Structure formats: C-alpha cells, structure tokens
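Undergrad: Give me a model of this one.
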Amino acid sequence: MTFRVTVLGAGSVGVFVGGKLAAAGADVTFVGRPRLLDEITTAGLRLTDLDGGDDRVAPSAFRTATVPDDADSADLVLITVKSAQTAAAARQLAERVRPGTVVLSLQNGIGNDTAIREVLPSCVVLAGMVMFNVVHHDGGRFHRGTQGGLAVADDAALERFAPLLRRTGLELARHADLRAVQWAKLLLNLNNPINALSGRPLREELAERDYRRCLALAQTEALAVMGRARIRPARLTVLPPALMARLLTVPDALFTRVAGSVLAVDPMARSSMADDLARGRRTEIRWLCGEIVNLGKMVGMPTPVNARLAELIEAAEHGDTRTWPGPHLLAQLRVARDHAARHPANES
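TA: I've put the predicted structure just below:
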C-alpha cells in the first residue's frame, strides 16, 4: 500500500522528513513557500547525514503546493510549521482533512498538539519532535547535522505506518509520556538563542566554555522552575539534565573528554533560530525561553536569564545585528541573574 502524506510547513525539517518518506515509497506533497518549493521542484532532493547516508529523490517522486488542497486524500499529515503558525496551519486543514486522519505535530515547544486538536477534533492528533538539526544547502540538499531521530506520542494509529517509517532509516521512539521528552528537548533548545547570538556554527559555539556557561545558566534556571511546577524532564543526554547543566561549565578539555558526543555536529550546522534571524524571520523564542518565563510567572519564580535571552533575540528580530562573544553574553546573563537576586519582588 502506498500512503499519501502531506507535509504542511515545508522548511528544512519538513523537507528532510518528508523527503525520507518519499524515498521510502510514500506519495508525498510538500506545502510551503514558493521559494523553497521552486528549488526542490527544479533540483530534486538530496538527503545526506553526518553518518554517511545519501538519498536522492527525483522531482517526479513528489508534489508541491502552496496550500494543502489534496489533504483530503492524505493518510498522514505532518505539521512542521513554526509554533506561531500552528493555529493557522490547522485551520487550513479544517475543511479539507478527513475525520480519523493521523496528524502529527513535529514542532518545537509545548502544547502545539493541543492547539491543533482544538481545530481538528475529529482527527488523531499526536505530538512529536524532530530530535536532530537539518542544514539546508543550495540545490535541494538537506543535511542532518546532528544525531537523533523522531520522538512521537505512542498511539495505536501509528501501527499502520510503522513499516513505512522503518524504511526511512530514521530512528522512531514512541513514548507513553511525550511531555517529559518535550520539556527535555526544550532544555536542549535553550541553546538556540545562544547559538543565534554567537554568530557561530553549533560545534564551534558549544566548544567554547563561556557559551556553555550561558546555556548552563539558562538550563539551571529552567530546571528550578520545572521543579517548582513538578515537571520532570526526560533524560536525553549522557547525564540527567541537572548534572548535564553542571558538566557544561567545566573546562573545554574536560568537557570534550566526558561529553564529546555533544560536539558530534556537522561543522556548518547552526540552530534554526540562527537561520530565522539570517532570513529576517520571527523566531520561536516565545516557545523556548518564553515558555520558561511564563512557567516562572505561574509558579512565582523569577526567570531573569531566560527573559534576558528573549530580550536579546527580540532585539535581533528588530534589526540588532551584533554578535555576542562568549564572555560578553555571559556577563549579560549574570547581571540579569544577580539583579533579580537583589530585587526579587520586582522580578516575580
């Protein structure tokens, strides 16, 4: 049986995952912006990864569209838009998709599946996450630049797609409690604004202690707020989240020896937030650091580090093009933290 798949939000991640499905034999339609659709329609797809994988998909093996007109025949819909566009994407599907269709949210942040479910109550809406970074090169090449696969909320509706998903070669982890994984991924994604502000590739940024110290400050603050809210993030790294945050602060040589797998990143890979700023787009900072700030307000705890990172990214969205050396960014975050410690009543 050939499954029909609609990828709504055909950016780098959507094209990579959808392209893998097309290479595995699915009938895939990419729905996205004309600029990227024109590129892949002309060049086809080349899907590579840091482990040596190299799949090519001819333009004749997939379809493209700017609106999801053929979603009424889809067996599976992947929503890969930015979190700010979730509700609008779901509304595009509302009058098209059939009841019972599996709709999988492969997005950053917490709660996108809930927003989709409210608009599409007759569909099987599942939360999911893409646990790797994708680098877009010219000429239709999309490169998986970090380790990881797909994480999804477990549901019996996924069984029929299991053979197809296995053929993609993407590791699929099905979780009874995906929320814990989402919170853990959010902790890792707190590096996105740091990477974007650094102006450096991920590997280069993470290899520098002061940038890792910035991430440790953001993660430690987030873990404290999560603890107050009784949220227990899953373990996605070599150490539990709290110990990993401490390990980030050790000298570079020790970090490389103990957690060298963290640096197993394609030399050109950057965070999606860095890519968004480079293209003049709004970022997902509200669904990353903003999520921690909002949770802090709910439980009555200050979150000055994540709030300051959000402010710096918002300034970049409005035209501040400076890049931040590690010591300068670290100083910004420490000043925000220390000010909040001296004036707690003003920060809660």
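Undergrad: where are the low-confidence patches of the chain?
TA: Low-confidence segments of the chain (pLDDT under 70): 345-348.
Undergrad: Quickly list the domain ranges of it.
TA: 4-176, 179-342 (the TED database).
Undergrad: would you list the ones you listed in a markdown table and tack on mean neighbour count?
TA: No exception for glycine: its C-beta is placed from N, CA and C like everyone else's. What follows is those, written out as a markdown table (neighbours: other Cβ atoms under 10 Å):
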| stretch | mean neighbour count |
| --- | --- |
| domain 4-176 | 19 |
| domain 179-342 | 19 |
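Undergrad: residue boundaries of the strands in the stretch 101-250 of the chain?
TA: Ranges of strands in the stretch 101-250 of the chain, per DSSP state E, counting those that start in this stretch, are 102-106, 124-130, 134-137, 141-144, 150-153, 172-175.
Undergrad: Those: which one's closest to residue 190?
TA: Proximity to residue 190, assessed across the strands of the stretch 101-250 of the chain by Cβ to Cβ, is greatest for strand 124-130 (14.9 Å).
Undergrad: just checking, what packs against that closest one?
TA: Strand 124-130 is packed against strand 102-106, helix 112-119, strand 150-153, helix 178-189, with contacts defined by 3 or more Cβ pairs under 8 Å, 6 or more residues apart in numbering; DSSP states H and E.
Undergrad: Now render these as CSV, adding distance to residue 136.
TA: Rendered in CSV, the data for the helices and strands packed on strand 124-130 read as follows (distance: least, Cβ to Cβ, whole Å):
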stretch, distance to residue 136
strand 102-106, 16
helix 112-119, 22
strand 150-153, 19
helix 178-189, 19
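Undergrad: Need the strands of the stretch 101-250 of the chain in a markdown table (columns: distance to residue 340).
TA: What follows is the strands of the stretch 101-250 of the chain, written out as a markdown table (distance: least, Cβ to Cβ, whole Å):
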| stretch | distance to residue 340 |
| --- | --- |
| strand 102-106 | 34 |
| strand 124-130 | 30 |
| strand 134-137 | 36 |
| strand 141-144 | 38 |
| strand 150-153 | 33 |
| strand 172-175 | 34 |
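Undergrad: for these, which one sits closest to residue 268?
TA: strand 134-137 (5.7 Å).
Undergrad: one step back: can you tell me which of the strands of the stretch 101-250 of the chain is nearest to residue 295?
TA: That would be strand 124-130 among these, by Cβ to Cβ, at 17.8 Å.
Undergrad: who does the closest one pair up with?
TA: strand 102-106 (parallel), strand 150-153 (antiparallel) (DSSP bridges).
Undergrad: what sits up against the shortest one?
TA: So the one you mean is strand 150-153. Outside strand 150-153, the residues that touch it by Cβ atoms under 8 Å, 6 or more residues apart in numbering are 17, 104, 106, 113, 126-131, 158, 165, 170-175, 178, 181, 185.
Undergrad: same thing but 6 Å
TA: 126, 127, 128, 129, 131, 170, 172, 173, 174, 178, 181 (Cβ atoms under 6 Å, 6 or more residues apart in numbering).
Undergrad: right, and the strands of the stretch 101-250 of the chain - which one's nearest residue 330?
TA: strand 134-137 (26.7 Å).
Undergrad: Which elements pack onto that closest one?
TA: helix 12-23, strand 141-144 (3 or more Cβ pairs under 6 Å, 6 or more residues apart in numbering; DSSP states H and E).
Undergrad: Could you export these as JSON lines, including distance to residue 280?
TA: What follows is those, written out as JSON lines (distance: least, Cβ to Cβ, whole Å):
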{"stretch": "helix 12-23", "distance to residue 280": "16"}
{"stretch": "strand 141-144", "distance to residue 280": "21"}
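Undergrad: So what does the spatially most central residue of the chain have for phi and psi?
TA: Per Cα atoms, centre = their mean, the C-alpha nearest to the average position across the chain is that of residue 108, at 4.1 Å. Dihedral angles of residue 108 (phi, psi; degrees, to the nearest 10) stand at phi -80, psi 170.
Undergrad: How is residue 282 assigned, secondary-structure-wise?
TA: coil (DSSP: H, G, I helix; E, B strand; the rest coil).
Undergrad: how near is it to residue 268?
TA: Counting by Cβ to Cβ, to the nearest Å, the gap from residue 282 to residue 268 is 24 Å.
Undergrad: got it, and residue 324?
TA: 20 Å.
Undergrad: try residue 313
TA: For residue 313, the distance to residue 268 - Cβ to Cβ - is 22 Å.
Undergrad: Over to residue 52?
TA: Residue 52 is 16 Å from residue 268, by Cβ to Cβ.
Undergrad: Same check on residue 275?
TA: Residue 275 is 11 Å from residue 268, by Cβ to Cβ.
Undergrad: Can you lay out the strands paired with strand 124-130 as a markdown table showing distance to residue 251?
TA: Below are the strands paired with strand 124-130 laid out as a markdown table (distance: least, Cβ to Cβ, whole Å):
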| stretch | distance to residue 251 |
| --- | --- |
| strand 102-106 | 37 |
| strand 150-153 | 32 |
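Undergrad: quick one: which of the strands of the stretch 101-250 of the chain is nearest residue 194?
TA: strand 134-137 (18.2 Å).
Undergrad: Now do that closest one: distance to the chain's middle.
TA: 14 Å (Cα atoms, centre = their mean, to the nearest Å).
Undergrad: re earlier: of the contacts of strand 150-153, which is the nearest to residue 58?
TA: Closest to residue 58, out of all of the contacts of strand 150-153 and judged by Cβ to Cβ, is residue 170, at 20.3 Å.
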